[in-house]
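Novice: Sequence first, then the predicted structure, then my questions.
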Amino acid sequence: MVVEYVLAADQSVGLRAFPASRSEQVVTRREFLETHEIELLPEFMRPIRAWVVEPLVQVKLAGDAIDGFSQGRTMRNSETLASLRYAGQEVTQSADAVRIVTTVRSDRGYACEHRLRYREGDVALTIDTAFLNEGERSLSLELLASFALSGLTPFAVDDAPDRLHVHRFRSTWSAEARHVCESVEALSLERSWSGHGVRAERFGQVGSMPVRGWFPFLALEDRAAGVFWGAQLAWAGSWQMEVYRRDDQLTLSGGVADREFGHWLRVVAPGESVSSPPAVLSTVVGDLDDLCQRLTAMQRPAAERVPAAEASLPVAFNEFCTTWGNPSHARTVALARRLRGAGVRYLVIDAGWYESEGASWERSQGEWIVSERLFPQGIGATAVAIREEGLIPGLWFEFEVVGEESPQFGLTEHLLHRDGMPITAGRRRFWDFRDPWVREYLRERVVGLVRDAGFGYIKVDYNETLGIGVDGSESLGQGLLEHVQAVQDFFRELHASLPELVIEVCSSGGHRLEPSMLELASMGSFSDAHEALEIPIIAANLQRLMLPRQSQIWAVLHPEDSDRRLGYSLAAGFLGRLCLSGAIDELSDEQWELVREAIDLYRRAAPIIKDGRSRVHAQLGPSWRHPHGAQAVVRVADAGDQALAVVHSFATPPRELVVPLPAGEWQLAGTFAPSAPAFDLSSGELRLELEREFEGSVLLLARNSGARLHDMPPGQEDVLES
């Protein structure tokens, strides 16, 4: 990647980037507009510049004017930026990293630091921005973007008509990660004929479910040049992304949701500084999968810092879709006995274990007292019994909320408020994690229980959102920001107190699947689509936004399932972390043997799932609930010598699906396919004949080089041996 800092004549600074291999295709832009309508203007209104340098920082102070027609659409390019001038650049280099801090300063008493970091081997840049109050009075900050990338596209001399497309991912409950691609023209982001009146597409989410509505992701494609630019935010509260235009250039920016969008205002005292959450940014010659691979690769370092139990990506079992909130010691032990020696490592007791007399499990979160009816010997005895079967016991919590049937529902002095009243969402209220009493209470009730009972896994769910914000700070948005930071600090405390504890984050399924939360966990629940036909589609799209090694996918199994249905569900689990559920203790011996076949192949495929590159090949209709067509996801190991193909057909599949493979000769090294489609590898590509609807299959491939894949004992990574 080439990164350029553009210094304007007025000493403002912009940032642009492009793939190094396209350096020679970068063009010199036109300087002025010379169109028919411009030439008809009076002479005193001409010339009109075709573009100006867009600042690499975007901040706004309360009271400062905003550019024409902008209020309510964007807070970018306000009067706050007009006096910011280049004040220096510091480049710090070490053996394997470079850090560039660019400072712009205003004579009004404030400055901004744009901080870019690159580490040897990275395929993306990490950027954040700091605002510094260098004056003698407090300043009210309404906008602080993490990044702003301009000059798009550098491969067109003009406004690049009919070639630029915006890529985003929508997210709703049980339908996460729907890819949306729209042209700049369709989004009304064409420049105006004179440059008057800005264009802006501002989107994001408001509240404490960061992946609700949209994922914090934004990409721009120049189809004529074959180049993508993209960014992903790491923040678990209210956030926004923007595509902005006032002239020939487009600009991408994003960060914490501003005052208009997210009710955020931060009072910055003299001498104080405020920093944005980080964003990762990259550019690549290729397609969307190439770009997404670069962005998600930046999540790898955090994903490596996991407990030792996670090294081989072991299979999990969660009993929620078995008991549906009614777990018990007897049923859990029966499940553990069935799982013994099957290659499953975790057995997670989900919601309901804290049920109290006269209260329902859905409405009684908060007290976290083990039900004597369900676990008469105490839940620690159940954890011991699980371990005796060779499994690691896990336990579900939703520790950020209190249900309306919990005694804690009335402890309003320790709960979050808005406008002086406790925030009630559905049948939940929310602990205020800024309150030391709350953190101490949860240390006893959550950390203490997990430690004393001997659990090695915790699933942390979160099934409501706080909305626009909370009391307790200078703005509702800032109150929300401080609370979310305190919640994340509690997760870090969990790590510090129990370093070998495996943590799964869940939020109504997949509403917390963003980098800053995934950094705090071994895995994230991919969705609440427990048994839906769209599971493979959701799971495939999520590979573009998170590491498959962290995407835990439901495979809910029933004795009444046909072999084809069992195969469909189990194959989807190969798109991430396989998590079994359902009445596995009631499956027939033949059905259980099929499950074990899948687990055995999964263990062999785990190294590819852990470290590889994915490409999604899909021929789908518009509906996910009623899917038509077919899909194949091919994930190639980093070493390039192994590949995993996960194939699903839906209603009315195409007769044939042709999937490109990396150059070379490939051979079949393993398969899981109860009703396998016919396939051919002889042409250097995978050709599949799809005759049946709603079936799934998995193919493990190896380059035809005399190598062979072989089995290893349970819990060990499989290796390729020459």
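Specialist: Ah, there it is. All figures in this text were calculated on a predicted structure; none of them were measured in a lab.

Novice: Mind naming the longest strand for this protein?
Specialist: strand 139-152 (DSSP state E).

Novice: Now find how far off-centre that one is within its chain.
Specialist: Centroid displacement of strand 139-152 relative to its chain, using Cα atoms, centre = their mean, to the nearest Å, is 22 Å.

Novice: ok, that strand: who's next to it in the sheet?
Specialist: If you go by DSSP bridges, strand 139-152 pairs up with strand 59-61 (antiparallel), strand 250-256 (antiparallel), strand 266-268 (antiparallel).

Novice: Walking through the stretch 251-400 of the chain, point out its strands one by one.
Specialist: 266-268, 273-275, 279-285, 315-318, 344-349, 392-397 (DSSP state E, counting those that start in this stretch).

Novice: contacts for the fifth one?
Specialist: Just to be clear, that refers to strand 344-349. Residues from elsewhere that reach strand 344-349, judged by Cβ atoms under 8 Å, 6 or more residues apart in numbering: 309, 314-319, 327, 332, 335-336, 339, 379, 382, 386, 389, 391-396, 456-457, 459, 502, 504, 580, 599, 715. Any C-beta I mention is one placed from the backbone N, CA and C, and that applies to glycine too.

Novice: returning to that earlier point: and the strands of the stretch 251-400 of the chain: which comes nearest residue 661?
Specialist: Among the strands of the stretch 251-400 of the chain, strand 279-285 comes nearest to residue 661, with 20.4 Å by Cβ to Cβ.

Novice: Which members of the contacts of strand 344-349 are positioned in helices?
Specialist: Among the contacts of strand 344-349, the members falling in helices (DSSP state H) are 332, 335, 336, 339, 379, 382, 386, 599.

Novice: is it true that the fifth one touches residue 453?
Specialist: Yes: proximity of residue 379 to residue 453 meets the contact threshold set by Cβ atoms under 8 Å, at 5.5 Å.

Novice: hmm, back to that, could you dump the ones in helices among the contacts of strand 344-349 into CSV and include neighbour count?
Specialist: As requested, these are exported to CSV (neighbours: other Cβ atoms under 10 Å):
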residue, neighbour count
332, 25
335, 25
336, 23
339, 24
379, 24
382, 28
386, 26
599, 21
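
Novice: which pair in those residues spans the largest distance?
Specialist: 379 and 599 (26.7 Å).

Novice: Next up, the contacts around the closest residue to residue 141 other than its chain neighbours.
Specialist: Nearest residue to residue 141 in three dimensions, chain neighbours excluded: residue 266, at 4.6 Å (Cβ to Cβ, 6 or more residues apart in numbering). Counting by Cβ under 8 Å, 6+ apart, residue 266 makes contact with 140, 141, 144, 274, 474, 475, 478.

Novice: try 7 Å this time
Specialist: Neighbouring residues of residue 266 by Cβ atoms under 7 Å, 6 or more residues apart in numbering: 141, 274, 474, 478.

Novice: cool, residue 121 as well?
Specialist: Residue 121 neighbours (Cβ under 7 Å, 6+ apart): none.

Novice: Residue ranges of each domain in this protein, please.
Specialist: 2-298, 315-606 (automatic domain parsing).

Novice: how about the helices of the stretch 51-200 of the chain, start to end?
Specialist: With DSSP state H, counting those that start in this stretch, the ranges of helices along the stretch 51-200 of the chain come out as 79-82.

Novice: Of the contacts of residue 266, which is the nearest to residue 170?
Specialist: Nearest to residue 170 among the contacts of residue 266, with distances taken as Cβ to Cβ, is residue 478, at 27.5 Å.

Novice: mind listing what's buried in the helix or strand harbouring that closest one?
Specialist: Assessed by DSSP states H and E, residue 478 sits inside helix 476-497. Neighbour counts using 16 or more other Cβ atoms under 10 Å place 476-488, 490-491, 494-495 of helix 476-497 among the buried residues.

Novice: Tell me which other helices or strands it touches.
Specialist: Packing contacts for helix 476-497, counted by 3 or more Cβ pairs under 7 Å, 6 or more residues apart in numbering; DSSP states H and E, involve no helix or strand.

Novice: shift numbering so it begins at 16
Specialist: Fine by me, first position is 16 from now on; the one you just mentioned is helix 491-512.

Novice: State the mean pLDDT of it.
Specialist: Per-residue pLDDT values over helix 491-512 give a mean of 98.

Novice: Run through the residues that contact the most centrally placed residue in the chain.
Specialist: When Cα atoms, centre = their mean is applied to the chain, the residue found nearest the centroid is residue 529 (3.1 Å). With contact set as Cβ under 7 Å, 6+ apart, residue 529 has these partners: 225, 226, 231, 249, 250, 251.

Novice: Residue 177: which of these is nearest?
Specialist: Of the contacts of residue 529, the one sitting nearest to residue 177 (Cβ to Cβ) turns out to be residue 231, at 28.4 Å.
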